[in-house]
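In: need a 3D model of the sequence below.
(2 chains)
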There are 2 protein chains.
Amino acid sequence: MIPKEHTMTFNEPASPATLVVKVGGGADIDLDAFCDDLATLIAAGRRIVLVHGGAERTNAVATALGHPPRFLTSPSGYTSRYTDRRTLEIFTMVYAGAINKELVARLQARGVNASGLSGVDGGLWRGPRKTALRAVENGRQRIVRDSYTGRVEQVNAPLLRTLLDQGYTPVLTPPALSQAGEAINVDGDRAAAATAAALGADTLLLLSNVPGLLRDYPRSASLIPTLTAAELTLSSNDYAQGRMRIKLLGAREALAGGVRRVVIGDARRPAPISAALAGAGTTITPADQPATVTP
Amino acid sequence: MIPKEHTMTFNEPASPATLVVKVGGGADIDLDAFCDDLATLIAAGRRIVLVHGGAERTNAVATALGHPPRFLTSPSGYTSRYTDRRTLEIFTMVYAGAINKELVARLQARGVNASGLSGVDGGLWRGPRKTALRAVENGRQRIVRDSYTGRVEQVNAPLLRTLLDQGYTPVLTPPALSQAGEAINVDGDRAAAATAAALGADTLLLLSNVPGLLRDYPRSASLIPTLTAAELTLSSNDYAQGRMRIKLLGAREALAGGVRRVVIGDARRPAPISAALAGAGTTITPADQPATVTP
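Out: Take a look at the predicted model:
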């Protein structure tokens, strides 16, 4: 009998190395420069999945619509958007509507056959909705029950592979899909990590308006250039603030899922993807590998 | 040598008959009932592509954001949304963000593996942007140059076939993609017609908050149950008002593109898709076919 792995190797040759890039939605990020870099890499044969954020713009639209953003802090200190039904609608409009299609159009204009997908499309990102969130307010815990938030547990990797194999560049965005078929707000960095793990991606880039992980925030000169997974937990507790803690959590999840390298880098610099691939920012690798990986 | 048609028949058996359904975005349409019907038909093995509108809700969001809708009337009497850059952004948020993902989630909750695509995704709907629109205002013509509107000339049918073949139900929405890679507002009924033609669809349903084509608008009893393509031009000039004129234009384009039947029907009735397939509304067929087609 042919061993199962053998058959699979024969029938399903490993896809070429995939790169998953998460880009934040900060207003100080030049998306034209970002898309130029992405288009150059794709023209050179790179297989890329893009994931994007949009928190700042969601805040602006929510405020303009008279439903200003609110945030919840969990007992362990993570901050997340309080996503009631109206917020979910606005969040979805901005992420899956405005930003996703603007990125897709920008890439199409550069000859990249981009195709946008939210996590609900084709059940791309599935996971449980947290129907009871513990939040700390004025030092007291309370339970929040009307929040449409959750976590990605399953990624529809075959759908992404089909698109990639046919020459499309998937552009992914929250919301995800709950088990009950509801749209839910999920963290984009962690969704990108789950996607990278599910695709067997070689590298995950988490690019936003930060230079990387700083030992002495916000002093740029204190950038930590390399880290191993083993050092990550320590760093997370010692140095990371706010959003960075969630990025490090995403990095840990990606490495645990088999991704060989995570780079937390700056989306604001010229050619930000190429720069991160070349080691700009904080490069995190599994404990048993050298911290420097050829780009 | 094997004739080309022979090879193609052998390698690419004709896809099962496809049904394209366009549903309007009126607030008086019960989308839960609509999705129940769609899910039943898909469970029974129907191959369906859904296209949706969203004009009413776009108007509401645009007004709430302080950018109320404006409309242009062409010299030939067609009315269209004046889509400046800000309107395009709002339009895209509502159509491709809110409504598209709500429909996809509703269908996913009913076991339908729906996947949303706007016309920019994968270059699904491509066509020229009209950089100069002629509009009539107070009886005088003027040229509008900052409108992001256009027309679908090319449909990425292979992408839709790939999704359908893998069991996904595509849920399509404007905007489309211009040749310069800009998102453009296109008419949903005509985009649905172009999609039906490109897919070689058997039937196109245009369902909205009207009973069908009325000989004596708005008297429901004056519904015209059947029409041939030849009678269509006459009817269009004689009876149709506003949106209905564009629906008839879409019907003509679909039939000219090889679609065998177009039904203009009511999305507000129970099981609206099944009802339209059974002949409720106005059924339009090519001149050389009987007006009644088995559903």
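In: which of the three states applies to the residue of chain A found nearest chain B?
Out: Closest residue of chain A to chain B, C-beta to the nearest C-beta: A:Gly97 (2.2 Å). To be clear about C-beta, it is placed using only N, CA and C from the backbone, and glycine gets the same treatment. Using DSSP: H, G, I helix; E, B strand; the rest coil, the secondary structure recorded for A:Gly97 is helix.
In: and the biggest helix by length in chain A, how far from the chain's centre?
Out: As assigned by DSSP state H, the longest helix anywhere in chain A is helix A:242-256. Distance of helix A:242-256 from the chain centroid (C-alpha atoms, centre = their mean, to the nearest Å) equals 10 Å.
In: can you tell me the strand partners of the helix or strand that that helix is followed by and which way each runs?
Out: Downstream of helix A:242-256, the first helix or strand assigned by DSSP states H and E is strand A:261-266. Strand A:261-266 has its sheet partners listed here by DSSP bridges as strand A:203-208 (parallel), strand A:282-285 (antiparallel).
In: mean confidence score for whatever helix or strand comes next after the longest one?
Out: Okay, so that is strand A:203-208. If you walk from strand A:203-208 toward the C-terminus, the next helix or strand you reach (DSSP H and E) is strand A:226-228. If you average the pLDDT over strand A:226-228, you get 95.
In: buried residues in strand A:226-228, which are they?
Out: Judged by neighbour count using 16 or more other C-beta atoms under 10 Å in any protein chain shown, the buried positions of strand A:226-228 are A:227-228.
In: after it, next one along is what?
Out: Following strand A:226-228 in sequence, per DSSP H and E, is helix A:229-238.
In: looking at it, A:Phe34 is touching A:Ile273, isn't it?
Out: Yes: counting by C-beta atoms under 8 Å, A:Phe34 touches A:Ile273, with 7.3 Å between them.
In: joint contacts of these two?
Out: A:Leu207 (C-beta atoms under 8 Å, 6 or more residues apart in numbering or on different chains).
In: for the stretch 1-150 of chain A, what lies in contact range of chain B?
Out: A:61, A:64-66, A:89, A:92-98, A:100-102, A:104-106, A:108-110, A:113-118, A:120-123 (C-beta under 8 Å from any C-beta of the partner chain).
In: take those residues and keep only those in helices.
Out: Short answer: the residues of the stretch 1-150 of chain A next to chain B in helices (DSSP H) are A:61, A:64, A:89, A:92, A:100-102, A:104-106, A:108-109.
In: give me the contact list for the longest helix of chain A.
Out: A:77-79, A:187, A:189-190, A:192-194, A:196-197, A:204, A:206, A:208, A:210, A:213, A:217, A:229, A:232-233, A:235-236, A:240, A:262, A:264, A:284-286.
In: now do stretch A:90-102
Out: Outside stretch A:90-102, the residues that reach it (C-beta under 8 Å, 6+ apart) are A:25, A:31, A:52-54, A:57-58, A:61-62, A:65, A:67, A:81, A:83, A:116, A:118, A:171, A:173-175, A:183, A:185, B:61, B:89, B:92-98, B:100-102, B:116, B:118, B:120-121, B:175, B:183.
In: those, buried ones only, as a ChimeraX selection?
Out: To isolate the buried ones among the contacts of stretch A:90-102 in ChimeraX, judged by 16+ other C-beta under 10 Å, type:
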select /A:25,31,52,53,54,57,58,61,62,65,81,83,116,118,171,173,174,175,183,185 /B:61,89,92,93,94,95,96,97,98,100,101,102,116,118,120,121,175,183
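In: pLDDT weak spots in the stretch 1-150 of chain A?
Out: A:1-15 (pLDDT under 70).
In: go again using 80 as the cut-off
Out: Applying pLDDT under 80 to the stretch 1-150 of chain A flags residues A:1-16.
In: ok, the stretch 151-295 of chain A next?
Out: Using pLDDT under 80, the stretch 151-295 of chain A drops low at A:233-242, A:287-295.
In: contact residues of it facing chain B?
Out: A:159, A:162-163, A:166, A:168, A:175, A:177, A:180-183.
In: can I get those in JSON lines including secondary structure?
Out: What follows is these, written out as JSON lines (three-state DSSP):
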{"residue": "A:Leu159", "secondary structure": "helix"}
{"residue": "A:Thr162", "secondary structure": "helix"}
{"residue": "A:Leu163", "secondary structure": "helix"}
{"residue": "A:Gln166", "secondary structure": "coil"}
{"residue": "A:Tyr168", "secondary structure": "coil"}
{"residue": "A:Pro175", "secondary structure": "coil"}
{"residue": "A:Leu177", "secondary structure": "strand"}
{"residue": "A:Ala180", "secondary structure": "coil"}
{"residue": "A:Gly181", "secondary structure": "coil"}
{"residue": "A:Glu182", "secondary structure": "coil"}
{"residue": "A:Ala183", "secondary structure": "strand"}
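In: from the residues you listed, which two are the most distant?
Out: A:Gln166 and A:Ala180 (31.6 Å; C-beta to C-beta).
In: strands of the stretch 1-150 of chain A, residue ranges please.
Out: A:18-23, A:47-52, A:71-73, A:79-81, A:114-118, A:125-127, A:133-137, A:140-144 (DSSP state E, counting those that start in this stretch).
In: so what secondary structure elements neighbour the fourth one?
Out: Where contact means 3 or more C-beta pairs under 8 Å, 6 or more residues apart in numbering or on different chains; DSSP states H and E, strand A:79-81 is packed against strand A:71-73.
In: what residues of the strand it packs on count as buried?
Out: So for strand A:71-73, counting by 16+ other C-beta under 10 Å, buried means A:Leu72.
In: ok, that strand: who's next to it in the sheet?
Out: strand A:79-81 (antiparallel).
In: ok, and the closest non-adjacent residue to the residue of chain A closest to chain B?
Out: B:Gly97 (2.2 Å; C-beta to C-beta, 6 or more residues apart in numbering or on different chains).
In: likewise for A:Ala96?
Out: A:Ser118 (4.1 Å).
In: and the one you found, how far is that from B:Val21?
Out: Distance, A:Ser118 to B:Val21, by C-beta to C-beta, to the nearest Å: 21 Å.
In: deepest of the strands of the stretch 1-150 of chain A, which one?
Out: strand A:114-118 (a mean of 28; mean count of other C-beta atoms under 10 Å in any protein chain shown).
In: A:Pro270 - how many residues pack around it?
Out: 11 (other C-beta atoms under 10 Å in any protein chain shown).
In: any idea what sits nearest it, other than its immediate chain neighbours?
Out: Using C-beta to C-beta, 6+ apart, the closest residue to A:Pro270 is A:Ala33 (6.3 Å).
In: contacting residues for the one you found?
Out: Counted by C-beta under 8 Å, 6+ apart, A:Ala33 has contacts A:270-272.
In: ok, A:Pro128 next?
Out: Here A:Pro128 is in contact with A:150-151, A:153, A:178-179 (C-beta under 8 Å, 6+ apart).
In: buried ones among the residues you listed?
Out: A:150-151, A:178.
In: nearest residue to A:Val155 other than its sequence neighbours?
Out: A:Ala198 (3.6 Å).
In: what about that neighbour, how many neighbours?
Out: 20.
In: what do you get for the one 5 residues further on?
Out: Residues within reach of A:Thr203, counting by other C-beta under 10 Å, total 21.
In: so how far is A:Pro270 from it?
Out: 20 Å.
In: likewise for A:Val21?
Out: 16 Å.
In: quick one, which of the contacts of helix A:242-256 are buried?
Out: A:187, A:189-190, A:192-194, A:196-197, A:204, A:206, A:208, A:210, A:213, A:229, A:232, A:235-236, A:240, A:262, A:264, A:284-286.
In: columns secondary structure on top of the contacts of A:Pro128, output as TSV?
Out: Output for those, formatted as TSV (three-state DSSP):
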residue	secondary structure
A:Gly150	strand
A:Arg151	coil
A:Glu153	coil
A:Ser178	strand
A:Gln179	coil
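In: so can I have JSON lines of those residues showing distance to A:Ala43?
Out: Converted to JSON lines, the contacts of A:Pro128 look like this (distance: C-beta to C-beta, whole Å):
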{"residue": "A:Gly150", "distance to A:Ala43": "37"}
{"residue": "A:Arg151", "distance to A:Ala43": "35"}
{"residue": "A:Glu153", "distance to A:Ala43": "35"}
{"residue": "A:Ser178", "distance to A:Ala43": "38"}
{"residue": "A:Gln179", "distance to A:Ala43": "40"}
